[in-house]
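Undergrad: build me a model from this:
(one chain, ligands or ions: 2)
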Amino acid sequence: MALTNNKSILDWVNEKIDLVKPDEVMWIDGSEEQLDALRKEACETGEMTKLNEELLPGCYLHRTKPNDVARVEGRTFICTETKEQAGPTNNWEDPQVMYKKLYDIARDSYKGRTMYVIPYSMGPVGSKFSKVGIEITDSIYVVLNMSIMTRVGKAVLDCFGDENNDWVRGLHCKCDVDEEQRYICQFPQDNTIISVNSAYGGNVLLGKKCFALRIASYQGKNEGWQAEHMLILGVENPKGEVKYICAAFPSACGKTNLAMLVPPEGYKKKGYKVWCVGDDIAWIRKGADGRLYAINPENGFFGVAPGTNEKSNPNALASTKSGTIFTNVALNLDNNTVWWEGLDKNPPENAIEWKGQPWNGKESTEKGAHPNSRFTAPAKNCPCISKEFENPDGVPISAFVFGGRRAALTPLVYQSRDWNHGVFVGSIMASETTAAATGAVGVVRRDPMAMLPFCGYDMGDYWQHWIDIGETLDADKAPKIFNVNWFRKDEDGNFMWPGFGDNLRVLEWIIKRCEGEVEADETAIGYLPKAEDINLEGLEGEVTLDSLKSILDVDKELWKKETAGIEEFYGKFGKTLPAELKKELDTLKANLD
Ligand code: SAT
Ligand code: MN
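TA: Residues are numbered from 1 along each chain as shown. Ligands and ions are numbered 1, 2, ... in the order given. A predicted model of the protein is given here:
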């Protein structure tokens, strides 16, 4: 039975029923009984495997098709009235052409299947930050993932109103999971998303990248707020004061690890704590006091499994111990649990690898888990989840941090001179590619604000939006803007910074800068720490003052080469490139000469 009298919702759902012709229609009400029945059904059909109830209560394993393991950026489209509105970094197609193509693929594709209608809220139900979506899907896996990643069900519609038309339409059709016919399409001007022929993560959990970033970035531009690919964390000092930081990194560059950071021993002893508000997406608005506030619109973590372990991220690991769906990891047949590369040094011998074949982890040279295998874990499981997680007003932001994966060039940390310079620093972000998207891994590409695959309109206009937001902020209220790089390597290819929990040492410097408690050196690229101001206590033997100095260096020759790359990238934008950024580039070039 439909869960709403909202006419715009009912009309749209009915239209889609006529298109895809399901055998049955089920509205997801959010009740445990309904979800449990779906879990049971998915296990009966083999879509999911129930894991060991003692060791992993309420946990399941799912395998996607081997051709469907990551986001497909080449097949992701922004369909706006004009190509210019999508900008030079997005694939574009005319909306009418794309609707027709997608409807032809979707037509009758639910025959013999059930249509699930999922009402969901991005953000706490009823918060002024939050937005409602309806996702139609023919996949139980999607229903169960959405009910971890977002707030789903009747409660969402109960407080929505019958006349309200401000909701995002999402149609997902698994079809035959044919990669040649796979399309992930956003229609920002219609608040609509259509995804066909995939059943993987970011391609089909439409509340995540498609809505909360691509559509929401466009909404934010028009409505005066921001949707960013950022984690949100709080650092609590020994006095009990918490400062919040939003940080943008490309997919699979350690956002989840940073968001759930465990302080080094010395910091723990002193009473430092880190609280996780979000690990992937931040929605940001100005509060009544003139500061920027952020909420995490999601309700769970869709984290990369490989490399997650007791040492790298005990909080993420703990989050996966119940109520979690694992995708494309190895199944240990001896105890019906899961395993992935980097979980421990003890791979199972009697196992099934991610493609579904028998696998002996001790002998096989093949991987047990796909490099982009994932866990979908409820946020409430996380031992360090912030008590502000459900706060409908969000948390006040002290600093924005941008970062990428760069073996050379970018120093461990630097601060922008002011807001516009900070926007410049975000706009020139570049990172080595990872397994989170299909394509070559390890190639340096420009990824401004980590939004390259997620900005729902012209990136030049998006930068302008950042600049415009800055203009509305008093200088003393505006978050300070930083860049970090945990991934610098020495000549032998070894990482020069230990990363993980030790990144708190850098966050501490960032917060001190925000509070005006520490000096910095002005360089060609911005403010750099004096090496003595980064606390190395407890890192003896790992990082010396000298090695720290070498991760803090600014190699002018390398930076000159970098400016040529930036100039080329900026050249793509033509008239939407903000004059402010052009000016920042000129300043950087002059500083390097
Ligand atoms: O596949 S997702 O887009 O959900 C995850 C990611 O790439 O960050
Ligand atoms: Mn992400």
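Undergrad: mind checking how far Glu349 is from ligand 1?
TA: Glu349 sits 31 Å away from ligand 1, taking CB to the nearest ligand atom, to the nearest Å as the criterion. The C-beta positions use only the backbone N, C-alpha and C, and glycine is treated the same way.
Undergrad: next: Ile140.
TA: Taking CB to the nearest ligand atom, one finds Ile140 at 18 Å from ligand 1.
Undergrad: residues in the protein within reach of ligand 2, list them.
TA: Contact residues (CB under 5 Å from the ion) of the chain with ligand 2: Ser251, Asp280.
Undergrad: which residues of the chain score low on pLDDT?
TA: Along the chain, no part satisfies pLDDT under 70.
Undergrad: got the residues of it near ligand 1?
TA: Residues of the chain lying close to ligand 1 (CB under 6 Å from any ligand atom) are Arg71, Gly201, Gly202, Lys208, Lys209, Ser251, Phe302, Ala436.
Undergrad: pretty sure the second one is in contact with Val304, am I right?
TA: When you say that, I think you mean Gly201. No. With contacts defined as CB atoms under 8 Å, Gly201 does not count as touching Val304, sitting 10.4 Å away.
Undergrad: Provide the backbone phi and psi angles at Phe187.
TA: Dihedral angles phi and psi of Phe187 (degrees, to the nearest 10) take the values phi -120, psi 80.
Undergrad: for it, which non-adjacent residue is spatially closest?
TA: Spatial nearest neighbour of Phe187, chain neighbours left out: Cys79 (4.9 Å); criterion: CB to CB, 6 or more residues apart in numbering.
Undergrad: how about Pro453?
TA: Across the structure, with CB to CB, 6+ apart as the measure, the residue nearest Pro453 apart from its sequence neighbours is Glu73 (5.1 Å).
Undergrad: quick revisit: and which of the residues of the chain next to ligand 1 is nearest to ligand 2?
TA: Proximity of the residues of the chain next to ligand 1 to ligand 2, judged by CB to the ion, is greatest for Ser251, which lies at 4.5 Å.
Undergrad: with adjacent residues omitted, what lies nearest to the closest one?
TA: Taking CB to CB, 6+ apart as the measure, Ser251 lies nearest to Ala436, with 3.3 Å between them; neighbours along the chain are not counted.
Undergrad: neighbours of that neighbour, how many?
TA: Other residues near Ala436 number 20, with proximity taken as other CB atoms under 10 Å.
Undergrad: now the closest residue to ligand 1 within the chain, what's its secondary structure?
TA: Closest to ligand 1 within the chain is Gly202: 2.2 Å, counting by CB to the nearest ligand atom. Secondary structure of Gly202, reduced to three states by DSSP: H, G, I helix; E, B strand; the rest coil: helix.
Undergrad: dump the residue contacts of it.
TA: With contact taken as CB atoms under 8 Å, 6 or more residues apart in numbering, Gly202 is in contact with Ala70, Arg71, Lys208, Lys209, Cys210, Phe302, Ala436.
Undergrad: one more time with 7 Å
TA: Taking CB atoms under 7 Å, 6 or more residues apart in numbering as the criterion, Gly202 is in contact with Arg71, Lys208, Lys209.
Undergrad: now the second one: closest residue in space, sequence neighbours ignored.
TA: Of all residues beyond its chain neighbours, the one nearest Lys208 is Gly202 (5.8 Å), with distances taken as CB to CB, 6+ apart.
Undergrad: where exactly do the helices run in the stretch 51-200 of the chain?
TA: Remark: helices assigned in the stretch 51-200 of the chain by DSSP state H, counting those that start in this stretch are 83-86, 95-106, 140-149, 154-158.
Undergrad: the last one packs against which elements?
TA: Using 3 or more CB pairs under 7 Å, 6 or more residues apart in numbering; DSSP states H and E as the contact definition, the elements that helix 154-158 packs against are strand 114-122.
Undergrad: just the CA atoms of the strand it packs on, as PDB, please.
TA: The C-alpha atoms that make up strand 114-122 are tabulated as PDB, following Å, rounded to 0.1, in the frame of the first residue of the first chain:
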ATOM      1  CA  THR A 114       8.900  -6.800  -7.500                       C
ATOM      2  CA  MET A 115       9.100  -3.000  -7.500                       C
ATOM      3  CA  TYR A 116      10.400  -1.600  -4.200                       C
ATOM      4  CA  VAL A 117       9.500   2.000  -3.500                       C
ATOM      5  CA  ILE A 118      11.900   3.400  -0.900                       C
ATOM      6  CA  PRO A 119      11.100   6.700   0.700                       C
ATOM      7  CA  TYR A 120      14.300   8.100   2.300                       C
ATOM      8  CA  SER A 121      15.600  11.100   4.000                       C
ATOM      9  CA  MET A 122      19.100  12.400   3.500                       C
END
